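A.B. asks: dropping the sequence and predicted coords here.
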Amino acid sequence: MRRIFVISLLLLSSCYLFATELALDNLSSVNAQIAADRASGSPADVYTVASGSVLYWDATLQVDFDLVIRGENSDWIGKQTSPAVFVPIPDAGGTLFAFAQVTAGSITLENILMSGQSSISPTEVIGNFVTEVGATEVVFDNCAFVDLDGNVVQTDSGPELVSVTNCMMINSHNLRDRPWGGHFGRFNVPAALTIMENNTYVNHGRLFGNGGNFYESDLIENHITSVNCQTNAQNLHWNQALMANNIFYNWSWLGRTPADVAYNYSITTWETFAGLALDSVSVYWGKNLLYRDPAIKDYYDNELAAAGATVSGYITWNLDVDSTILADDNFKIGKSFWDIDPGFVTPTDNLDQMLAWLSMHYDPNITEWTDWRVASPVTYVDGQPVVSWPPAFDLSYTNEYLLVGATDGLPVGDLNWFPEAKATYLANRDSYIAALEDSITNATSLYVPGDSLSERITADDLVSVEKGTKVARSFELDQNYPNPFNPTTAISFKLAKSQKISLKVYDVTGQLVKTVIDNKAQTAGAHSVTIDMADYSSGVYFTVLNAGDQKSVRKMTLIK
């Protein structure tokens, strides 16, 4: 067995070392270059693209092999100054073609920017970038997809894997009054495993969806930053889903009317699970941020109301989901941050256009629509592409609670905006994902069916020990959050009356390692304090709260 294993490693290493590459250029279309190479009898394994180059396609590339296209710069696409760029060239009638259709094999795109903007008309953009009708894998890493009104990828055969990591999607929506397009993915037949991780989406119609109840796909939707999504519904139906640590900023800002259905406006269509046998369905949703700019809420409450329109702001899910939670122990909705402004360093600059578009959406006489996109990264002058990159917005932020608010103790949202935190995440990813999976059965900080406010963590909940004033009815030490953590975590507790308490941390041998509060008087109510364990080694620790003859203990895990 050892000999076979060693030979296998050598073969894999040889394949990697001797993989052939072909550099693509702008002398002819990308689809023509790759098709000619495939017909040559000795095709390349990888197609490379130089930084700063602008290439084009003028027909859909037919893929029945393992296609790999890789830009040379592997720095995060959101901060590159001269990425490799691909643009579509329409035919004589103005039709734009999808970049690729995968009928067999796989497609991998890395380190490139793909624009769907027409060179003929600024209002015409591509539908889908990639469609698959037989792929085994679809992998996009460190790519940007800009200006489209359909999907970055549409699946129709059920690949083994769809993985989208470290990517950006900008201006993905229909320019007219049809906000159902603009997904990163539409999964008409879902992948066995779908990974959406550390991505940023700005100005889009929806998150992602599919065409039916499949209950066959596993989903990881983790550390996503979604900004200005018109209708956030995610109607892919899973076997297991982990949906945590995401930012939904100006989420479902289109609002809803009484005639709308849950498909149109909620974060997820979980209510479609109701009434089914749910033994095989496991879901955890938690520690996400849901925020809307006050100007949008004011528009609903005042201008639309004055005009006689009945529009409500938002819901996260249809309350039919309550019966699902009560029927299935593996269906958990954790607490999420609500209406807390992260304080983006440089927000997008299109709020006024969004409000103008809203006024048109609710006016039945409107036929022309405000373009609510941010500035397109690729425009045309005399038919020649002009690239403006990186984007002007900066979605790193300053909110002290959100910076450590994710389940892994890292910032909520796309960690590419926080390079040091991303490095920590990648070094510990397996344990972080394992902790999320554990939340399906063991999470304790949860939404209570029938209590729509129980899922929300508001600014009033984020209080320090000194500011804690909420009245509690019991003595309680909550589970630290996040857990596992590195190196900081918040410890919350409740007191039924004012009294002296001690809060201390012990290691697994019972040795005292940190005194947080030492026999100090605390007021009745809810309290929270953040501790820093940077000077301690990874492992299991115990938090002990003592108040008079009352004592409570919680286990926590430090992972470095």
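C.D. replies: Done, it's in.

A.B. asks: would you mark the buried spots in stretch 540-556?
C.D. replies: By neighbour count with 16 or more other C-beta atoms under 10 Å, stretch 540-556 contains the buried residues 541, 543-547, 554, 556. Heads up, the C-betas are built off the backbone N, CA and C, glycines and all.

A.B. asks: now tabulate the residues you listed in CSV and tack on secondary structure, distance to residue 219 and pLDDT.
C.D. replies: Converted to CSV, the buried residues of stretch 540-556 look like this (DSSP: H, G, I helix; E, B strand; the rest coil; distance: C-beta to C-beta, whole Å; pLDDT from 0 to 100):
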residue, secondary structure, distance to residue 219, pLDDT
541, strand, 32, 90
543, strand, 32, 92
544, strand, 38, 90
545, strand, 37, 92
546, strand, 42, 89
547, strand, 42, 87
554, strand, 30, 85
556, strand, 27, 90
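
A.B. asks: which one of these is nearest to residue 144?
C.D. replies: Proximity of those to residue 144 (C-beta to C-beta) peaks at residue 556, which lies at 38.3 Å.

A.B. asks: is that closest one in a bridge, and if so with what?
C.D. replies: residue 541 (DSSP bridges).

A.B. asks: make sure it is actually in contact with residue 543.
C.D. replies: Yes: in terms of C-beta atoms under 8 Å, residue 556 counts as a neighbour of residue 543; the distance is 6.1 Å.

A.B. asks: list the residues that are in contact with both of these two.
C.D. replies: Jointly contacting residue 556 and residue 543 under the rule C-beta atoms under 8 Å, 6 or more residues apart in numbering are residue 480.

A.B. asks: distance to residue 169 added to the buried residues of stretch 540-556, as CSV?
C.D. replies: Listed next are these as CSV, based on distance: C-beta to C-beta, whole Å:
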residue, distance to residue 169
541, 40
543, 41
544, 47
545, 45
546, 51
547, 50
554, 40
556, 36
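
A.B. asks: mind listing the helices for the stretch 301-450 of the chain?
C.D. replies: Assigned by DSSP state H, counting those that start in this stretch, the helices in the stretch 301-450 of the chain fall at 305-306, 321-327, 351-361, 419-427, 429-442.

A.B. asks: how is the protein carved up into domains?
C.D. replies: By the assignment in automatic domain parsing, the chain contains the domains 174-372+393-462, 470-558.

A.B. asks: any idea which of the ones you listed is most buried?
C.D. replies: Stretch with highest mean neighbour count among the domains of the chain: domain 174-372+393-462 (a mean of 19; mean count of other C-beta atoms under 10 Å).

A.B. asks: quick revisit: and of the buried residues of stretch 540-556, the nearest to residue 71?
C.D. replies: Within these, distances to residue 71 taken as C-beta to C-beta reach their minimum at residue 556, with 41.8 Å.

A.B. asks: residues contacting that closest one?
C.D. replies: Taking C-beta under 8 Å, 6+ apart as the criterion, residue 556 is in contact with 479-480, 483-485, 489, 540-543.

A.B. asks: would CSV of the residues you listed with distance to residue 209 be doable?
C.D. replies: Formatted as CSV, the contacts of residue 556 follow (distance: C-beta to C-beta, whole Å):
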residue, distance to residue 209
479, 33
480, 36
483, 32
484, 32
485, 34
489, 35
540, 41
541, 42
542, 44
543, 42
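
A.B. asks: ok, which of the domains of the chain comes nearest residue 120?
C.D. replies: The closest of these to residue 120 is domain 174-372+393-462. By C-beta to C-beta, the value is 14.8 Å.

A.B. asks: report the central residue of this protein.
C.D. replies: The residue lying closest to the centre of the chain (C-alpha atoms, centre = their mean) is residue 224, at 2.2 Å.

A.B. asks: just say helix, strand or coil for that residue.
C.D. replies: strand (DSSP: H, G, I helix; E, B strand; the rest coil).

A.B. asks: hang on, it packs against residue 416?
C.D. replies: No: between residue 224 and residue 416 there is no contact under C-beta under 8 Å: 10.9 Å.

A.B. asks: joint contacts of those two?
C.D. replies: 198, 200.

A.B. asks: follow-up on the earlier one: can you tell me which of the helices of the stretch 301-450 of the chain the model trusts least?
C.D. replies: Least confident of the helices of the stretch 301-450 of the chain, judged by mean pLDDT, is helix 305-306 with a mean of 62.

A.B. asks: flag the shaky bits of the stretch 351-500 of the chain, pLDDT-wise.
C.D. replies: Counting by pLDDT under 70, the stretch 351-500 of the chain contains low-confidence residues at 463-474.

A.B. asks: if we go to 50?
C.D. replies: Applying pLDDT under 50 to the stretch 351-500 of the chain flags residues 464-473.

A.B. asks: how about the residue nearest to the centre of the chain, nearest residue that isn't a chain neighbour?
C.D. replies: Leaving aside its chain neighbours, residue 224 sits nearest to residue 246 (4.3 Å; criterion: C-beta to C-beta, 6 or more residues apart in numbering).

A.B. asks: what sits against that neighbour?
C.D. replies: Residues near residue 246 by C-beta under 8 Å, 6+ apart: 221-226, 288-289, 412-413.

A.B. asks: can you rerun that using 7 Å?
C.D. replies: Residue 246 is in contact with 221, 223-224, 226, 288, 413, counting by C-beta atoms under 7 Å, 6 or more residues apart in numbering.

A.B. asks: now do the same for it: its pLDDT.
C.D. replies: Per the predicted model, pLDDT is 97 at residue 246.

A.B. asks: distance of it from residue 268?
C.D. replies: Per C-beta to C-beta, to the nearest Å, residue 246 is found 12 Å from residue 268.

A.B. asks: give me the common contacts of the two.
C.D. replies: Between them, residue 246 and residue 268 share no contacting residue, judged by C-beta under 7 Å, 6+ apart.

A.B. asks: right, and residue 243 touches residue 221 too?
C.D. replies: Yes: counting by C-beta atoms under 7 Å, residue 221 is a contact partner of residue 243 at 4.6 Å.

A.B. asks: now do the shared contacts for those two.
C.D. replies: With C-beta under 7 Å, 6+ apart as the test, residue 243 and residue 221 reach no residue in common.

A.B. asks: can you put the helices of the stretch 301-450 of the chain in JSON lines and add distance to residue 85?
C.D. replies: Below are the helices of the stretch 301-450 of the chain laid out as JSON lines (distance: least, C-beta to C-beta, whole Å):
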{"stretch": "helix 305-306", "distance to residue 85": "45"}
{"stretch": "helix 321-327", "distance to residue 85": "43"}
{"stretch": "helix 351-361", "distance to residue 85": "25"}
{"stretch": "helix 419-427", "distance to residue 85": "24"}
{"stretch": "helix 429-442", "distance to residue 85": "30"}
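
A.B. asks: what's the closest of those helices to residue 391?
C.D. replies: Within the helices of the stretch 301-450 of the chain, the stretch nearest residue 391 is helix 351-361; the backing value is 15.9 Å (C-beta to C-beta).

A.B. asks: please consider this matter closed, and thank you.
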